[in-house]
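In: Just the structure for this:
(one chain, ligands or ions: 2)
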Amino acid sequence: MSDRPDTYDVIVLGAGPVGENVVGRVVAGGLTAAIVEKRLAGGECSYYACIPSKALLRPMDLAAEVGRMPGLSLGPVDAAAVLARRDEAIGHLDDAEQVGWIESVPAALFRGHGRLAGPRRVEVTGPDGGVRTLTARHAVVVATGSTPSVPDVPGLRAARPWTNREATTAREIPRRLVVIGGGVVACEMAQALRFLGAAATVMLVRGRRLLGRTEPFAGGLVAASLRDAGIDVRFGESVARVERPAPGGPVTVHTTSGARLEADEILVATGREPAVRDIGLETVGLSPGGPLEVGDDLRVTAVPEGWLYAAGDVNGRNLLTHMGKYQARVCGDVIVARAKGRPEDAPGLRAVADALGPPQVIFTDPQVAAVGRTEEQARAEGFPVRVVEYDIGNVSGAYLLGDGYTGRAKAVVDEEHRILLGVTFVGPGVGELLHAATVAVTARVPLDRLWHAVPAFPTVSEIWLRLLEEYGL
Ligand SMILES: Cc1cc2nc3c(=O)[nH]c(=O)nc-3n(C[C@H](O)[C@H](O)[C@H](O)COP(=O)(O)OP(=O)(O)OC[C@H]3O[C@@H](n4cnc5c(N)ncnc54)[C@H](O)[C@@H]3O)c2cc1C
Ligand SMILES: NC(=O)c1ccc[n+]([C@@H]2O[C@H](COP(=O)([O-])OP(=O)(O)OC[C@H]3O[C@@H](n4cnc5c(N)ncnc54)[C@H](O)[C@@H]3O)[C@@H](O)[C@H]2O)c1
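Out: Ligands and ions are numbered 1, 2, ... in the order given. So this is what the prediction gives:
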């Protein structure tokens with residue numbers, strides 16, 4: 001790495017999807033960039049999160065579709081083949097393709113642990129222990145992502161439970177599995193692993209519902225489906241103590257209600273922590289703790305002179321790949337505009353979509369696709385709210401997809417402006433309905449205008465027509 005320069009216009013810490021998009025954007029804007037990565041270029045998303053989890057969930061989805069269609073039947077599930085396809089999807093944990101992309105940008109990749117070392121300086125400790133100091137002319141962007149949060153429960157950490165990393169890259173499926181958590185990772189991974197062979201799966205959900213950030217009916221429909229699949233979903237119960245006498249051996253989970261569960265593995269899916277430890281924040285006057293707080297221009301608000309930016313999971317705004325990549329585009333363009341002395345207040349230079357409620361698809365069966373505010377959020381923010389709901393199964397297009405299509409849609413309307421504040425769809429395959437809702441919410445399309453957006457017959461998109469009719473159009 002010694003033949004490369006030590007000074008770049010922009011230095012990015014972390015080559016996940018967000019860091020990669022920052023370098024792509026700033027180089028396209030005419031600046032030079034270096035990116036520092038301590039593990040695999042491509043980040044959590046490519047190897048241990050979005051990609052492998054969806055590769056594991058897709059067969060379950062297809063199987064459910066086949067099950068709803070009279071005349072079709074499914075043979076036994078070949079879990080090994082599913083795991084092999086997952087391995088291909090994650091490039092067998094080899095990041096050569098991503099490295100090739102970074103080089104093609106072109107940007108300089110430095111392998112190693114990156115740390116801030118005072119204003120505009122980054123120290124990289126390479127795999128051989130050697131340290132190199134890089135200097136940024138314009139900006140440093142922290143895109144270090146997040147790490148799994150493991151509750152401080154007696155015996156849990158010592159038992160070396162699975163987190164998303166081990167669950168998404170599993171080589172064998174544990175027959176008896178205890179899942180801790182009721183959020184997105186818990187629901188998706190419990191369902192995928194149950195389908196692939198975790199016959200005795202128990203989910204310990206601390207609260208009273210699943211998927212707490214979505215409309216309550218979404219968690220209800222997903223809970224019903226998990227239970228139909230044979231998963232023992234226990235609400236109001238969590239882990240109190242864990243024992244694993246032999247590493248990798250059977251594990252005993254004592255729950256808060258006094259139950260004792262014997263399992264082959266535990267999956268902890270209790271949220272994420274921003275990756276801010278050991279990145280030298282103290283050298284620029286920040287104390288490591290929670291997410292790095294940024295403004296809509298992605299600049300870290302507490303750092304004077306505005307040379308430090310943070311995008312993606314590490315700023316805690318929206319822990320989703322597409323939202324992090326959106327922030328990366330805005331962040332990159334802000335850096336370029338400032339470096340070139342262009343106006344900084346162009347409409348594209350503020351990540352305003354972060355506050356609208358991010359679009360998200362949860363790839364359970366049924367899928368949950370939502371954008372904007374839930375009814376509860378909209379009311380709490382003081383909007384004059386009216387909601388309309390409709391059973392998606394009553395739409396002809398849904399009936400044609402198979403027998404017993406169960407799903408529901410809900411629209412949250414701002415009555416003053418007659419625009420959509422939020423939309424939620426739950427049902428098989430509804431993920432592909434989401435972008436229309438994202439456009440309507442983001443562009444504040446008036447309902448009277450939306451009425452003229454005619455959905456094709458017989459598609460599930462006719463749910464739009466039904467919702468507008470329910471509203472009274
Ligand atoms: C199981 C699971 C499934 C998910 N599925 C989806 C999904 O379907 N859709 C979706 O939108 N989101 C999904 N997410 C969320 C998504 O993975 C994250 O929002 C996304 O990865 C964030 O990207 P990032 O670049 O900010 O961080 P990361 O992907 O975490 O990348 C950060 C990178 O920085 C590196 N790094 C950290 N510290 C340093 C350092 N000091 N020096 C050098 N390098 C460093 C890390 O090694 C890593 O490569 C999922 C998450 C999980 C856990
Ligand atoms: N399809 C997708 O878009 C997708 C898929 C997976 C993950 N993600 C994103 O990744 C992030 C992380 O997902 P996640 O499921 O880990 O987090 P989450 O915040 O969605 O859910 C965390 C769950 O853990 C529970 N919990 C927290 N602390 C606990 C404790 N001490 N004991 C017991 N239960 C506890 C919470 O009540 C909640 O049910 C989310 O922001 C999510 O949006 C997205």
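In: Show me what from the chain comes close to ligand 1.
Out: Residues of the chain lying near ligand 1 by Cβ under 6 Å from any ligand atom: 13-19, 36-39, 43-45, 49-50, 53-54, 113-114, 143-146, 164, 168, 185, 275, 279, 312-313, 319-322, 324. In short, each C-beta sits where N, CA and C put it, glycine included.
In: buried sites along the lengthiest strand in the chain?
Out: Secondary structure of the chain per DSSP state E: the longest strand is strand 131-142. Buried residues in strand 131-142, defined by neighbour count with 16 or more other Cβ atoms under 10 Å: 132, 134-136, 138-142.
In: okay, now Thr270: neighbour count?
Out: Other residues near Thr270 come to 21 when the count uses other Cβ atoms under 10 Å.
In: Give me the distance from the helix or strand harbouring Pro59 to the chain's centre.
Out: Following DSSP states H and E, one finds Pro59 within helix 50-67. Centroid separation for helix 50-67 versus its chain: 17 Å, with Cα atoms, centre = their mean, to the nearest Å.
In: In terms of secondary structure, what does the next helix-or-strand element following that helix contact?
Out: Proceeding N to C from helix 50-67, the next assigned helix or strand is helix 79-89, under DSSP H and E. Contacts defined by 3 or more Cβ pairs under 8 Å, 6 or more residues apart in numbering; DSSP states H and E place helix 79-89 against helix 50-67, helix 184-196.
In: so Asn315 makes contact with Val294?
Out: Yes. Look at Asn315 against Val294 with Cβ atoms under 8 Å: they come within range, at 4.8 Å.
In: any idea how far the nearest residue to Asp296 once chain neighbours are set aside lies from ligand 1?
Out: Once flanking residues are discounted, Asp296 sits nearest to Arg350: 4.1 Å by Cβ to Cβ, 6 or more residues apart in numbering. Distance of Arg350 to ligand 1, computed by Cβ to the nearest ligand atom, to the nearest Å: 19 Å.
In: Could you tell me the per-residue confidence at Arg350?
Out: pLDDT, Arg350: 97.
In: now Met1
Out: With respect to pLDDT, Met1 has a value of 49.
In: show me the contacts for Phe235.
Out: 182, 205, 207-209 (Cβ atoms under 8 Å, 6 or more residues apart in numbering).
In: From the residues you listed, list the buried ones, please.
Out: Buried subset of the contacts of Phe235 (neighbour count, 16+ other Cβ under 10 Å): 182, 205, 209.
In: Quick check: the farthest pair among the contacts of Phe235?
Out: Greatest spatial distance among the contacts of Phe235 (Cβ to Cβ): Gly182 and Arg208, at 9.1 Å.
In: packing partners for the helix or strand hosting Gly324?
Out: If you go by DSSP H and E, Gly324 is part of helix 321-339. Packing partners of helix 321-339 (3+ Cβ pairs under 8 Å, 6+ apart): helix 17-28, strand 131-142, strand 308-310.
In: does ligand 2 sit close to that helix?
Out: No. Helix 321-339 lies out of reach of ligand 2 by Cβ under 6 Å from any ligand atom, never closer than 7.8 Å.
In: in its sheet, what does the helix or strand just after that helix sit against?
Out: Downstream of helix 321-339, the first helix or strand assigned by DSSP H and E is strand 360-362. Neighbouring strands of strand 360-362 in its sheet, by DSSP bridges, are strand 367-372 (antiparallel).
In: next SSE after the strand it pairs with?
Out: Taking DSSP H and E as the definition, the helix or strand right after strand 367-372 is helix 375-380.
In: circling back: pick the most buried one from the helices and strands packed on helix 79-89.
Out: Most buried of those, by mean neighbour count (mean count of other Cβ atoms under 10 Å): helix 184-196, with a mean of 25.
In: Can you name the next helix or strand after that one?
Out: strand 200-205.
In: Burial check on the residue in the stretch 201-350 of the chain that ligand 1 sits nearest to, number of neighbours?
Out: For the stretch 201-350 of the chain and ligand 1, the shortest gap (Cβ to the nearest ligand atom) falls at Gly312, measuring 2.4 Å. Gly312: 37 surrounding residues under other Cβ under 10 Å.
In: neighbouring strands for whatever helix or strand Tyr390 lives in, and are they parallel or not?
Out: Here Tyr390 sits within strand 385-391, counting by DSSP H and E. According to DSSP bridges, strand 385-391 forms sheet pairs with strand 408-414 (antiparallel).
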